[in-house]
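**Q** coordinates for the following, if possible.
(one chain, ligands or ions: 1)
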Amino acid sequence: MPLLLKPLSNHLLFAGLFRNVKICRIKRRSQGYTESCTLIRHRWIKNTSCVRESSSSAQKQNIDLSQFPVDKIRNFSIIAHIDHGKSTLADRLLEMTGAIAKTDRNKQVLDKLQVERERGITVKAQTASLFYKHEGQTYLLNLIDTPGHVDFSYEVSRSISACQGVLLIVDANEGIQAQTVANFYLAFEAQLSIIPVINKIDLKNADPDRVEKQIETMFDIPSEECIRISAKLGINVDRVLQEVVKRIPPPTAKLEEPFKALVFDSTFDHYRGVVANIALFSGQVCKGDKIVSAHLGKTYEVNELGVLRPDEHPTERLYAGQVGYVIAGMKEVKDAQIGDTFYHQKQPVEPLPGFKPAKSMVFAGIYPTDQSEYPSLRSAVEKLTLNDSSVMVQRDSSMALGAGWRLGFLGLLHMEVFNQRLEQEYNASVIVTAPTVPYKAVLSSPKLIKEYGQEVITIVNPTQFPEKSCVVEYQEPMIDFLLNGKPVEELTTIVHKDQAYNTGKAMCVKLKESIPRQMFEIAVQAAIGSKVIARETIKAYRKNVLAKCYGGDITRKMKLLKKQAEGKKKMRRIGNIDVPKDAFINVLKRK
Ligand SMILES: Nc1nc2c(ncn2[C@@H]2O[C@H](COP(=O)(O)OP(=O)(O)OP(=O)(O)O)[C@@H](O)[C@H]2O)c(=O)[nH]1
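**A** You can find the predicted model right below:
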């Protein structure tokens, strides 16, 4: 029986009725902005996206992207530590370029997911194309807002692959934090132009001078290159756009070469199948073209393509250097994997390198609460992992809970957000087992070595722990402590992953208290592998031992300098940092 919907006065019927299908989508207008909702089995669920008020200039007019040759394009990401103001700055840039209306309701527009709005954090990178007039020329700026939390850093590394530059936002009060450093290095290693932006200068405790010096010391970027802004109040934000045009180079894409595009993000739309976000490295593509996925070798016909403003805005074509979306009848999740390359059917190209797989740090089992819901949960997990390719998926089963999966996440917050998205976006009801970290076991039993085909195995499921008698040793993840980027062996410690952040933070604080200030600023960092999880900064100090030594008594001056040198000898040198023995004792005693 078709389900009948009675349109309410202030509701707008969006997608019609499907024969024998109890799913309907409507848009309802509430307090000035429009929300799309999905009705499934007589239950209202809020959809993942909120369509915000757009400005009149951003109404769906025809956009001819051919007027933007490569030299009129700038692709950039906004990167920063959590809460330093990336999404707020993105709002201002969208407003200033007319993509959204300037109203109090348009807050963190690029945080489209319900989970992002509820938690007030970004978990998915989002793209928006802006048109910006500068010195009589109109530029196409493609902005990607990224998450700040370490658990979503995979989003940052993927976004960076579609860009030539970044805005590195630093809070004028908090200064450089762990993810500022980690994200800086991601951009630096990708050889992108980095524009430091000191945000929140309106705060009472803002100290932009100090932050400018930090940026100069840590990243070797002259303080004159920093832009001081208040994203909240819109102070000096216009300068950010001017500098994007001036300092970020255009993409090196060539229009005359065959079409080649990198899939840097994908979502699954319940009605239209896979929507792939692509960055065009060369050539052009238009509606009706036959494109091939290099990963699967499958051919698809382009049904729709366009730019994100930040909502989908169809266009006729996309050209080299541009960033947009493409819908090509891909109904299966595996049809558009993130990192895949698309090319024209008749012009095969060498695929782009794609992305390094993410390394899972936390594992948990996920099972449907009711086994009859296994097929629908499988489809939900597949669709969500298309949108979040950093989740590792392995089939699993348990005597008590039945068939399910063992999923690998980048951290506990990542795990929570994934489960919340399963519930909110797919109406899934799941049982999640206690999270564990991956362990390694060095096997001694020849039988087991033969069975696994190797001597060292990784265990992500506690039930697969081999018998103690068959194992030489078990290994678990550990933190290294870094002083100005150099590891300190003595402080390397093994802790449970759950306690890694707290232990790392506490030891960084203790080290900061114990290491005397030196002639230069010192970054004390706790890291797991190359991932920095906590950080403290020891400010620079310049002690002039000759300050009280008046006149030209050279022997007295020599004595003072010798004494200073002897004092330094007592300290252990690590790289270029002097660490007194007491500092080690203090920190280790604390354990
Ligand atoms: N006073 C002041 N507050 C700001 C400014 N910019 C952002 N904020 C506030 O800082 C908080 C975090 O801002 P967001 O824009 O969500 O930060 P974010 O970096 O996008 O956060 P994540 O994406 O979760 O990492 C919000 O409460 C903003 O209102 C500013 O210039 N001044």
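**Q** please count neighbours and contacts with C-alpha atoms only from this point.
**A** OK.
**Q** check which helix or strand Ala187 maps to.
**A** For Ala187, the element it lies in under DSSP states H and E is helix 178-189.
**Q** could you point out which element follows that helix?
**A** Immediately after helix 178-189, counting by DSSP H and E, sits strand 193-199.
**Q** so which residues on the chain come close to the ligand?
**A** 81-88, 121-122, 147-149, 199-200, 202-203, 230-232 (CA under 6 Å from any ligand atom).
**Q** how about a cut-off of 5 Å?
**A** Counting by CA under 5 Å from any ligand atom, the chain comes close to the ligand at 82-88, 121-122, 147-148, 200, 230-232.
**Q** so for those residues, which is the shakiest by pLDDT?
**A** Least confident of the residues of the chain next to the ligand in the model: Gly148, at 70.
**Q** for stretch 65-75, measure first residue to last.
**A** End-to-end distance for stretch 65-75, by CA to CA, to the nearest Å: 15 Å.
**Q** what do you get for stretch 309-319?
**A** 17 Å.
**Q** got the buried residues for the helix holding Ala187?
**A** Residues of helix 178-189 classed as buried: 178-184, 186-187 (neighbour count, 16 or more other CA atoms under 10 Å).
**Q** would you mind getting the angle between it and strand 193-199?
**A** 160 degrees (axes from the mean of the first three to the mean of the last three CA atoms, to 10 degrees).
**Q** I'd like to know which elements helix 178-189 is packed against.
**A** strand 73-80, helix 153-160, strand 165-171, strand 193-199, strand 531-538 (3 or more CA pairs under 8 Å, 6 or more residues apart in numbering; DSSP states H and E).
**Q** re earlier: now, the residues of the chain next to the ligand that are in strands?
**A** Within those, no residue falls in strands by DSSP state E.
**Q** what's Cys226 sitting at in phi/psi?
**A** phi -80, psi 140 (degrees, to the nearest 10).
**Q** ok, it to the ligand distance?
**A** 15 Å (CA to the nearest ligand atom, to the nearest Å).
**Q** what about that residue, neighbour count?
**A** Neighbours of Cys226 under the rule other CA atoms under 10 Å: 22.
**Q** for it, which residues are in contact?
**A** 195-198, 212 (CA atoms under 8 Å, 6 or more residues apart in numbering).
**Q** from the recorded domain assignment, give the ranges for the chain.
**A** 10-58, 65-247, 260-344, 362-432, 478-591 (automatic domain parsing).
**Q** as CSV, the helices and strands packed on helix 178-189 with mean neighbour count and mean pLDDT would be great.
**A** Listed next are these as CSV, based on neighbours: other CA atoms under 10 Å; pLDDT from 0 to 100:
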stretch, mean neighbour count, mean pLDDT
strand 73-80, 28, 92
helix 153-160, 22, 80
strand 165-171, 27, 95
strand 193-199, 25, 96
strand 531-538, 21, 82
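**Q** can you put those in CSV and add distance to Val509?
**A** Below are those laid out as CSV (distance: least, CA to CA, whole Å):
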stretch, distance to Val509
strand 73-80, 22
helix 153-160, 24
strand 165-171, 20
strand 193-199, 24
strand 531-538, 6
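**Q** break down the stretch 1-150 of the chain into its strands, ranges please.
**A** Ranges of strands within the stretch 1-150 of the chain are 11-15, 23-30, 33-40, 43-51, 73-80, 126-134, 137-145, based on DSSP state E, counting those that start in this stretch.
**Q** ok, Thr122 to Thr88 distance?
**A** 11 Å.
**Q** so where's the longest helix in this structure?
**A** helix 497-514 (DSSP state H).
**Q** only C-alpha atoms, please: export that helix in PDB.
**A** What follows is helix 497-514, C-alpha atoms only, in PDB (Å, rounded to 0.1, in the frame of the first residue of the first chain):
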ATOM      1  CA  LYS A 497      45.500   3.600  24.500                       C
ATOM      2  CA  ASP A 498      42.600   4.900  26.600                       C
ATOM      3  CA  GLN A 499      45.100   6.500  29.000                       C
ATOM      4  CA  ALA A 500      47.500   7.600  26.300                       C
ATOM      5  CA  TYR A 501      46.200  11.200  26.000                       C
ATOM      6  CA  ASN A 502      45.900  11.900  29.800                       C
ATOM      7  CA  THR A 503      49.400  10.300  30.500                       C
ATOM      8  CA  GLY A 504      50.900  12.200  27.500                       C
ATOM      9  CA  LYS A 505      49.400  15.500  28.600                       C
ATOM     10  CA  ALA A 506      50.400  15.000  32.300                       C
ATOM     11  CA  MET A 507      54.000  14.100  31.400                       C
ATOM     12  CA  CYS A 508      54.200  17.100  29.000                       C
ATOM     13  CA  VAL A 509      53.100  19.400  31.800                       C
ATOM     14  CA  LYS A 510      55.600  17.900  34.200                       C
ATOM     15  CA  LEU A 511      58.400  18.200  31.700                       C
ATOM     16  CA  LYS A 512      57.500  21.800  31.100                       C
ATOM     17  CA  GLU A 513      57.700  22.500  34.800                       C
ATOM     18  CA  SER A 514      61.000  20.600  35.100                       C
END
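**Q** mind giving me the packing neighbours of the next helix or strand after it?
**A** Next in sequence after helix 497-514, counting helices and strands by DSSP H and E, comes strand 522-528. Under the contact criterion of 3+ CA pairs under 8 Å, 6+ apart, strand 522-528 touches strand 478-483, helix 497-514, strand 531-538.
**Q** cutoff 10 Å now
**A** helix 178-189, helix 208-219, strand 478-483, strand 486-494, helix 497-514, strand 531-538 (3 or more CA pairs under 10 Å, 6 or more residues apart in numbering; DSSP states H and E).
**Q** tell me which of these sits nearest to Arg247.
**A** helix 178-189 (14.6 Å; CA to CA).
**Q** tilt between that closest one and strand 165-171?
**A** 160 degrees.
**Q** okay, the angle between helix 178-189 and strand 531-538?
**A** Using the same axes, to 10 degrees: helix 178-189 against strand 531-538 is 110 degrees.
**Q** quick one: stretch 518-527 to chain centroid distance?
**A** Between the centre of stretch 518-527 and the centre of its chain there are 25 Å (CA atoms, centre = their mean, to the nearest Å).
**Q** now do the same end-to-end measure for that stretch.
**A** 22 Å.
**Q** list the buried residues of stretch 420-435.
**A** Within stretch 420-435, the residues that qualify as buried are 420-422, 424-430, 432, 435, counting by 16+ other CA under 10 Å.
**Q** any idea how far apart the tips of it sit?
**A** Stretch 420-435: ends 15 Å apart by CA to CA.
**Q** quick one: it to chain centroid distance?
**A** Counting by CA atoms, centre = their mean, stretch 420-435 comes out at 21 Å from the chain centroid.
**Q** burial measure for the residue of the stretch 201-350 of the chain found nearest the ligand, as a count.
**A** Per CA to the nearest ligand atom, Ser230 is where the stretch 201-350 of the chain lies closest to the ligand, at 3.4 Å. Here the number of neighbours of Ser230 (other CA under 10 Å) works out to 22.
**Q** make sure Glu373 is indeed in a helix.
**A** Yes - counting by DSSP: H, G, I helix; E, B strand; the rest coil, Glu373 is found in a helix.
**Q** Ser443 contacts Val472, doesn't it?
**A** One thing to correct before we go on: residue 443 is Leu, not Ser. Yes - if you go by CA atoms under 10 Å, Leu443 and Val472 touch, sitting 5.7 Å apart.
**Q** what mean pLDDT would you report for stretch 99-106?
**A** Taken as a whole, stretch 99-106 has a mean pLDDT of 67.
**Q** in the stretch 351-500 of the chain, which spans are helices?
**A** 374-387, 412-426, 446-452, 497-514 (DSSP state H, counting those that start in this stretch).
**Q** let's have those helices in a markdown table, adding distance to Leu262 and mean pLDDT.
**A** Conversion of the helices of the stretch 351-500 of the chain to a markdown table gives the following (distance: least, CA to CA, whole Å; pLDDT from 0 to 100):
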| stretch | distance to Leu262 | mean pLDDT |
| --- | --- | --- |
| helix 374-387 | 15 | 88 |
| helix 412-426 | 25 | 88 |
| helix 446-452 | 36 | 86 |
| helix 497-514 | 34 | 80 |
